[in-house]
Structures are given as structure tokens and as C-alpha cells.
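S.K.: Predicted structure and sequence below. I'll ask about it afterward.
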Amino acid sequence: MASTRRQFVLGSLGASAAALSTFPRAALAAGYPERPITFICPWPPGGTADVTMRALCVAAARQLGQPVVVDNRAGASGMLGMKALAGAKPDGYTIGQVPISVTRFSQLGTVQLDPLKDLSFIARTSGQTFGIAVRPDAPWKTLKEFAAAAKAHPGKLTYGSAGIGGATHVGMEEFALAAGVQFNHIPYKGGAPALQDLLGGQIDALADSSSWAPHVKAGKLRLLATWGEKRTQDFPDVPTLREQGFDVVVDAPNGVGAPKGLEPAVERRLREAFKAAAASAEFIAACGRIDAPLMYLDGPDYEKYVAATYRKETELIERLKLKELMAKG
């Protein structure tokens, strides 16, 4: 009888411990969010991703009933912030922007994570309009003139990008390969400081998402080409790379993710909030100011997109010999 009672007590204690171990997370999920949420932006303040993500966070905060505070973690072409995001506690209080280039950098070994195993995907939100911009006093009026100058002086013309191996660096190297030229690449921690150096005359050209847009409209920069499938709404007179004889198309949508292991209720709450935020007036306006297309996908479809991009990046790494480029720095 004593043995039976002891087994009953131990069994009850074990059941109670199990219930207590699951109760806190479930209870927290039910009341989520109860405090401000940190949103890691892996780029410096003032860049296109930072500006649009801040507008997105304002709209998401309204849906969630708590502030969504942007934390800029710039460096390593966005991968410092990506590493911080993947390593955070999966409680829904640390989320962030996921640069699609993580599918490339994870294979190159720049960041030690697997995006499909280490991240939860909340929403794909918008795309980016990439382009090549120069100062208005530059001697090149067209992209072909720019390419001809690069061919005549291999490695002399400089261009800035948001970092080695990022979408703008890779896109520019694809263009260089198609044009049969060689540039001198100057990597920055983000597009904003690269833009400032172009405006200040420290570099010859900028390869970036549309941080250049307001400056082109103001006549402070000249846009030589955009990189999409078709011309942009804001710059209908500027031809694409493909239209100018270079078969290169670059697209790198932004999205929102979290560490893997979110409670299902928390993940649903975030997906609902960012779906509404992506359709908000302030986010649409922020995207419109930099000619960034809206490209919303819900979490599960966004995850499928990331998986498909991962497979495409495997081929791109080999074709552009990116491992060798990364080794050269």
C-alpha cells in the first residue's frame, strides 16, 4: 500500500511538473504581446530597408497594441542582424527583417545558420528597385558609355554597394560579367553610407536599391539603369539592364521573420498583424516614395519562396564564382 501511494504521489508530481512546464508558454502566447517587441533591421538608419521597415513597424504596432521598436544591427551585408535574429529567444518579442541574401550567405559560410531550419517566416512585404546611379557631372550619360569606360580602364571605375555578396554587389558583378568589364568594388555597411560617398564624390557609381530615387528626382544624381523585368513607375524613361543589351534581372524582396520555435498562437498573431501592416496607408506610401513594389506573401508561402530562392542561389554561387570573390574581399 505504501509503495502504491508513493508511486501515485510521484506520478502526480511528474504530471504537475509537465503541466507547469507547458503552462507558462501557453499562457504567455494567449496574452501576447504584453510588452514592446524588438524589430531587428540589419541595415544602418536612413537606407531604403530601414525607412520602409519603420513604416511597417508603426502599422504593425497599431495591430498588436504594443510598440514595435526598430533596432539597427548593421554589418556583414545584413548578416550581423540576421545572426542576432536567429539566435534570439523564440518568444515573439524579437523579430526582424530577413534579407533574401541569407539564402546565399548561408551557403557561402558567411553566416552560420540555415534559414529554413533556424527561422520562422511571418510575411514577405515588398520588393526593391535596384539601379546604377552616378553624379550628374559624370562623363557617362548612358550605361553603354559607362561600360565602355570600364572596358577601357579595367578595375579603375569604382562603385559602392551595401556589402560583399549582397544583392547589389552580386547584381553589379552579373552586369560586369555580361558586359565583359571589371570594376573596383567598394563595400559599405549599407546603402546609406555608400550613397553619401557618391554624393560627396568619393566613388564613381552606386549600385543600390532606390536610396538614389529622391536624389535622381532632384537632379542631384543620374540613373543609368534599373535592374527589374520592366521599367519602374517613377522612372519610365530609364531603361532596364536587359533593354540595354545586358541579360541581368535582380529582385530581392524584403520580409519579416523570427527565430524558429514560435508558439503557433504567437506566430498567427504576428502573421495577422503584418498582413494588415503590409496593406496600411503608411507602408504603401513609404514604398511609393522609393518606387518599391508591394509583394506581400503570407508566412507559409513566403517560406516556400525562400526555399526556391535557396536552390537558385546554389547555381548563382557557382556561375559567378562567388566563393572566390568573397575570398578576395
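M.R.: Right, received. Where do you want to start?
S.K.: got any ranges where the protein has weak pLDDT?
M.R.: Residues of the chain that meet the criterion pLDDT under 70 lie in 1-29, 329.
S.K.: need the contact list for Leu316.
M.R.: Arg104, Val170, Leu322 (C-beta atoms under 8 Å, 6 or more residues apart in numbering). Any C-beta I mention is one placed from the backbone N, CA and C, and that applies to glycine too.
S.K.: what about the second one, neighbour count?
M.R.: Taking other C-beta atoms under 10 Å as the criterion, the count of residues near Val170 is 24.
S.K.: OK, contacts around it?
M.R.: Here Val170 is in contact with Ser101, Arg104, Val250, Leu316, Leu320, Leu322 (criterion: C-beta under 8 Å, 6+ apart).
S.K.: For it, what is the enclosing helix or strand?
M.R.: In this assignment (DSSP states H and E), Val170 forms part of helix 167-179.
S.K.: again with Met79
M.R.: Met79 belongs to helix 79-86 when elements are defined using DSSP H and E.
S.K.: Just the C-alpha atoms of that helix, please, in PDB.
M.R.: In PDB, the C-alpha atoms belonging to helix 79-86 read as follows (Å, rounded to 0.1, in the frame of the first residue of the first chain):
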ATOM      1  CA  MET A  79      24.200  39.100 -41.700                       C
ATOM      2  CA  LEU A  80      25.100  40.500 -38.300                       C
ATOM      3  CA  GLY A  81      21.500  41.400 -37.700                       C
ATOM      4  CA  MET A  82      20.400  38.100 -39.200                       C
ATOM      5  CA  LYS A  83      22.600  36.100 -36.800                       C
ATOM      6  CA  ALA A  84      21.200  38.100 -33.900                       C
ATOM      7  CA  LEU A  85      17.700  37.400 -35.000                       C
ATOM      8  CA  ALA A  86      18.200  33.600 -35.400                       C
END
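S.K.: who's in contact with that helix?
M.R.: Residues outside helix 79-86 that contact it (C-beta under 8 Å, 6+ apart) are 40-43, 72-75, 94-99, 102, 105, 110-113, 118-119, 257-260.
S.K.: Can you list which of the residues you listed are found in strands?
M.R.: Ile40, Cys41, Asn72, Thr94, Ile95, Gly96, Gln97, Leu119, Gly257, Ala258, Pro259 (DSSP state E).
S.K.: Could you dump the residues you listed into a markdown table with distance to Gly165 and neighbour count added?
M.R.: As requested, the ones in strands among the contacts of helix 79-86 are exported to a markdown table (distance: C-beta to C-beta, whole Å; neighbours: other C-beta atoms under 10 Å):
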| residue | distance to Gly165 | neighbour count |
| --- | --- | --- |
| Ile40 | 19 | 23 |
| Cys41 | 19 | 24 |
| Asn72 | 20 | 19 |
| Thr94 | 25 | 18 |
| Ile95 | 24 | 24 |
| Gly96 | 19 | 27 |
| Gln97 | 17 | 25 |
| Leu119 | 19 | 24 |
| Gly257 | 19 | 28 |
| Ala258 | 24 | 27 |
| Pro259 | 23 | 20 |
